[in-house]
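A.B. asks: the following block contains a protein sequence and its predicted model.
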Amino acid sequence: MKSLMIQGAKILATGSAIPSSSFSNHQMSEIVQTSDEWIFTRTGIKERRLLKGVDQSIIDLAVLASKKALNKISMDPSQIDLIILATSSPHDLFGSASKVQSEIGAINAVAFDLTAACSGFVLSLVTASQFLQTGAYKNILVVGADVLSKWVDWSDRSTCILFGDAAGAAILQSCSSNDNSILSFQLNTNGNYSKHLSIAYEQNIAPHPQLDLYQGSFKYISMNGKEVYKFAVFQVPLSILKCLNSLNMSVEEVDWLVLHQANDRILTAIAEKLSINRNKVISNLGKYGNTSAASIPLALDEAIQDKKISHNDIVVIAGFGAGLTWGTIIVRW
């Protein structure tokens, strides 16, 4: 529930990566009972990218996004001090950040995973900012990546139509307070609603015969769409307003709103509640679907490439999702 002024952190560069294989709503209708019109009118999604191939993993996407960000500023990977990989679908349950560290050649970086589902990138940015603020590290690579196609029940049309695979990266660097670009943040969690969006663990009915020990496995994505919608539309505008108020900043001063790309109806409803023009809402949902922790950095990177975001623009970034968790960061670009 804290909202603090952050000193001395700026975003130097971004990068993103998507699988080459696209999967349209029409193709979706060939495996579950649905249609392009049904999906698009309810979600705003036209297609999504799926990571296919036996040798492909989330690490490939995370590495490519990271390398693109590094290349934009000609930074040697050895200059990275810390790597935070925001993901809920690691290639290894013990974590995948260390593999990213190895693959990009960041030999001096410590690396760890951060799991907060669709809010993961926002929480990772805030975590990175704290390390920069204390002076512990100078250069930090934050990656949001998910391959939820691996965890979708492809016979459940309420969830399989929503998710796609992608990765997005940002390089943060410590700076003087005068050059500070991350202005404030607001983070929240309400675990009472965690059941509404989860990949739950299910233990076996029978225990191990000698140990009386119950083992099990993880299930597919389960989501109560109506409850998640109500939560996002109610809580996210409040979070954004609290963050703006902490800076004595008005909604009218916001140039761009970069929200987690979950559903077009949610994006529209949040903008309407804040009285922000829909033209200020960055959206690429139609092309990629919900890419979880990757959605914000992917949308941010595309907006930068398209030269939508300019120097000194006020950019409000807000993530929301499983946990249930949600959070806002305000950036002066």
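C.D. replies: Now that the structure is in, tell me what you want to look at.

A.B. asks: drop to CA atoms for contacts and neighbour counts, all remaining ones
C.D. replies: Noted.

A.B. asks: nearest residue to the middle of the chain?
C.D. replies: Centroid check for the chain by C-alpha atoms, centre = their mean gives Ala293 as the closest residue, at 2.3 Å.

A.B. asks: quick one: secondary structure of that residue?
C.D. replies: helix (DSSP: H, G, I helix; E, B strand; the rest coil).

A.B. asks: now do the same contact list for it.
C.D. replies: With contact set as C-alpha atoms under 8 Å, 6 or more residues apart in numbering, Ala293 has these partners: 86-88, 116-121, 144-146, 167.

A.B. asks: with just CA atoms, put stretch 40-60 into CSV.
C.D. replies: Extracted in CSV, the C-alpha atoms of stretch 40-60 (Å, rounded to 0.1, in the frame of the first residue of the first chain):
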residue,chain,number,x,y,z
PHE,A,40,-12.9,-10.1,-31.3
THR,A,41,-16.0,-8.5,-30.0
ARG,A,42,-15.4,-9.8,-26.5
THR,A,43,-11.6,-9.3,-26.3
GLY,A,44,-10.3,-7.2,-29.1
ILE,A,45,-7.9,-10.0,-30.1
LYS,A,46,-7.5,-11.0,-33.8
GLU,A,47,-4.5,-13.3,-33.5
ARG,A,48,-1.7,-14.3,-31.1
ARG,A,49,1.9,-15.8,-31.4
LEU,A,50,2.6,-19.3,-30.2
LEU,A,51,6.0,-20.7,-29.4
LYS,A,52,6.3,-24.0,-31.4
GLY,A,53,9.0,-26.5,-31.9
VAL,A,54,10.5,-29.0,-29.5
ASP,A,55,13.7,-27.0,-29.1
GLN,A,56,12.1,-23.6,-28.5
SER,A,57,11.6,-22.3,-25.0
ILE,A,58,10.9,-19.1,-23.1
ILE,A,59,14.7,-18.6,-22.8
ASP,A,60,15.0,-18.1,-26.6
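
A.B. asks: number of nearby residues for the nearest residue in space to Ile80 that is not next to it in sequence?
C.D. replies: With C-alpha to C-alpha, 6 or more residues apart in numbering as the criterion, Ile80 has its nearest non-adjacent residue at 5.1 Å, and that residue is Asn139. Residues lying near Asn139 (other C-alpha atoms under 10 Å) number 25.

A.B. asks: ok, now Ala136?
C.D. replies: 12.

A.B. asks: same check, this time on Ser222
C.D. replies: 18.

A.B. asks: pretty sure it sits against Ser198.
C.D. replies: Yes - here Ser222 reaches Ser198: they are 5.4 Å apart, a contact under C-alpha atoms under 8 Å.

A.B. asks: in this protein, where is pLDDT below threshold?
C.D. replies: 1-7, 177-178 (pLDDT under 70).

A.B. asks: what about 90?
C.D. replies: 1-8, 53-55, 134, 175-181, 199-218, 225 (pLDDT under 90).

A.B. asks: which one's the longest helix in it?
C.D. replies: When every helix of the chain is counted residue by residue (DSSP state H), the longest turns out to be helix 225-246.

A.B. asks: pull out the buried positions in it.
C.D. replies: 228-229, 231-233, 235-244 (16 or more other C-alpha atoms under 10 Å).

A.B. asks: in what helix or strand does Leu187 lie?
C.D. replies: Counting by DSSP states H and E, the element that carries Leu187 is strand 182-189.
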